[in-house]
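Q: can't give you the sequence, but here's the structure:
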């Protein structure tokens, strides 16, 4: 079919990364470029070493060609993430993170880890935060009914991970509720 | 507009945001070339919250990304976005033509090379999202082709080209089943659309009870939930709920599917 | 009658089991003409049985009122079940064929080509020999419909509907290895003669269709 089997039940991380890469990030350019009209807007001018905000896809392309440094977003550092980890492990709710934090962190750390201080520590904090939040997701499953489940501060990548199981579970609950009524109507 | 937050969450200012940016679509820019740099106040540092920007702050390409994901997650076929697609296709074409001009110019400097590379890279991203979006619709249109063809309300949501494909496809599968199976059966058994108790119907239609993750882009009006209660989604709220609950919110662009 | 040793519906179960096996192993099995014919034969027998039973009922009833007997119900159920299984089998195959068609980027001739001797590329497998003639017709008509669709929608060459959509572009260029000779291809940097074993750094969009069709491989 027009949609490959791997894309039929959910979205793949690479697609989420493509979407997240439309967001803006600050760079320190190493190459000059006039202000330029792109499909997603006008960016530039790039005047080394003046900082400039550009979409992540542009930053990563320049970075791959060693034409910029990426300024880490202010939530993507050890201090901030340690604070979030503390919240995740001491409070019952999900702490607030950018909706696409997992994708953005992965794209930037994969390509520009040298622009980060203590990138390994950042990675390990992200992993710990992820695990703490996964435990909460599983707990959320116990509150699932056929009607509605509110999931405050759940991020895009986390939704994608729980999607198949949660959607199927709600489907089963919907059937359980609907079927007795259906049978009554047939009688 | 991007959302400003006075009390904040102790969030520092920078970092990726979906802050409003200039869209180049409606502007008479010379090919790929600069406008004055001071007409973009949105680039000033600001406090940003993590909630989604309202749809009005989106660039056309971000709109496409949203419609693409909506289409991927919705069990039903959504309204076609023909105008948006046409604008984006035009824009891609314009960028491609401009690149060709720049390339042909023997005076193009080495620096131009990066500009060209970036413009092309973006065009590839846009092409990818466009065809992924179109094929997601095509997948559902073929799956429900016979239902679409017989349901005026479904037909309205398709572009002319999509509807014609749906009609051809419905006829094609009918003729395949007829020739490969039904023609060989005794005359009494040749109907394609028997409605048999305890068997699923032959014409499949979207299952609107399937659960979706809805992400509110604005403060939403109340909707009815299957358990009899009602819900008003607040901006930024994420809910897992059957598709039919948020169907109208989605059609009005008040929620997106994530 | 050979079917006397068998329950009605048994053959149909075999047929849908094949569909399941095809999905589970992700392979296209050869169209089971023999089994399909056998089931069609069973349908005729069932129809004859049902007609005979109805005739007996009509004889036995004074004026109209037909009390449907269990045997009629049984034959009818078997008929409907067999028919649904036949349709499900064909529908399942159609979906598989469409998957294969899209997987080679809509290159129907490539899909239907006889296998090249010694070729290892999956796309050149012996697909055609596994299809019924009706299925070949289906694919051709499907291909035609999509060509029309593409011509209507996509404003010509701006967009290749058949290019892959499971790997979003990150970089403009891609390093490829030539798996099968594919002759001279026009690219952004001029014409390239792709010969087996060679490697090239080329613009992704110039060669995407060749990757899908199994001529080139991303390194």
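A: Received it, and whenever you're ready, just let me know what you need. Given the structure is predicted, the values throughout are model-derived calculations rather than measurements. Numbering: from 1, shown residues only, chains lettered A, B, ... in the order given.
Q: Have a look at chain C and report its longest helix.
A: In chain C, taking DSSP state H as the definition, the longest helix is helix C:70-103.
Q: Over to chain A?
A: Chain A, longest helix under DSSP H: helix A:156-186.
Q: do that one and chain B meet?
A: Yes. Using Cβ under 8 Å from any Cβ of the partner chain, we find that helix A:156-186 touches chain B at A:156, A:159, A:163, A:166, A:167, A:170, A:171, A:174, A:177, A:178. No exception for glycine: its C-beta is placed from N, CA and C like everyone else's.
Q: What pLDDT does the model give the third one?
A: Residue A:163 is assigned a pLDDT of 95 by the prediction.
Q: Also the fifth one?
A: The predicted local distance difference test score for residue A:167 is 95.
Q: Please look at it and residue B:207 and confirm they touch.
A: No. In this structure residue A:167 lies outside contact range of residue B:207 using Cβ atoms under 8 Å: 11.1 Å.
Q: Residue A:121: neighbouring residues, count only.
A: When neighbours are counted by other Cβ atoms under 10 Å in any protein chain shown, residue A:121 registers 14.
Q: I'd guessed it sits against residue A:79; true?
A: No. Judged on Cβ under 8 Å, residue A:121 makes no contact with residue A:79 at a distance of 10.5 Å.
Q: Contact partners for the residue of chain C found nearest chain A?
A: Closest to chain A within chain C is residue C:168: 4.1 Å, counting by Cβ to the nearest Cβ. Residues in contact with residue C:168 (Cβ atoms under 8 Å, 6 or more residues apart in numbering or on different chains) are A:14, A:15, A:17, A:18, B:125, B:128.
Q: Leaving out the residues flanking it, which one is nearest to it?
A: residue A:18 (4.1 Å; Cβ to Cβ, 6 or more residues apart in numbering or on different chains).
Q: Over to residue C:33?
A: The spatial neighbour of residue C:33 that comes closest, neighbours along the chain excluded (Cβ to Cβ, 6+ apart), is residue C:132 at 6.7 Å.
Q: Ok, residue A:149 next?
A: residue B:240 (4.4 Å).
Q: List the contacts of the one you found.
A: A:144, A:148, A:149, A:151, A:166, A:167, A:170, B:211, B:212, B:213, B:214.
Q: So residue A:23 sits against residue A:103, correct?
A: No. In this structure residue A:23 lies outside contact range of residue A:103 using Cβ under 8 Å: 9.2 Å.
Q: out of the two, which sits in the more crowded spot?
A: Set residue A:23 next to residue A:103 and count neighbours by other Cβ under 10 Å: residue A:103 wins out with 26 against 22.
Q: residue contacts, the more buried one?
A: Applying Cβ under 8 Å, 6+ apart, we find residue A:103 in contact with A:13, A:16, A:17, A:19, A:20, A:21, A:156, A:157.
Q: Now the buried members of the residues you listed.
A: Listed as buried from these are A:16, A:17, A:19, A:20, A:21, A:156, A:157; burial here means 16 or more other Cβ atoms under 10 Å in any protein chain shown.
Q: How much space separates the last one from residue B:257?
A: Read that as residue A:157. When Cβ to Cβ, to the nearest Å is the yardstick, residue A:157 and residue B:257 sit 15 Å from each other.
Q: cool, the fifth one as well?
A: Shown here: residue A:21 relative to residue B:257, a distance of 20 Å by Cβ to Cβ.
Q: just the first one next, same as before
A: With the distance defined as Cβ to Cβ, residue A:16 ends up 13 Å from residue B:257.
Q: what does the fourth one give?
A: Here the distance between residue A:20 and residue B:257 works out to 16 Å (Cβ to Cβ).
Q: average pLDDT across stretch A:113-132?
A: Mean predicted confidence for stretch A:113-132 is 96.
Q: With stretch C:11-24 instead?
A: 96.
Q: and that stretch, which residues are buried?
A: Residues of stretch C:11-24 classed as buried by neighbour count (16+ other Cβ under 10 Å): C:11, C:12, C:15, C:18, C:19, C:22.
Q: shouldn't residue A:74 be in contact with residue A:26?
A: No. Applying Cβ under 8 Å, one finds residue A:74 not in contact with residue A:26, separated by 9.6 Å.
Q: more crowded one of those two?
A: The neighbour comparison of residue A:74 against residue A:26 (other Cβ under 10 Å) goes to residue A:26, with 21 against 16.
Q: Quick check, the residue in chain A closest to chain B?
A: residue A:73 (2.8 Å).
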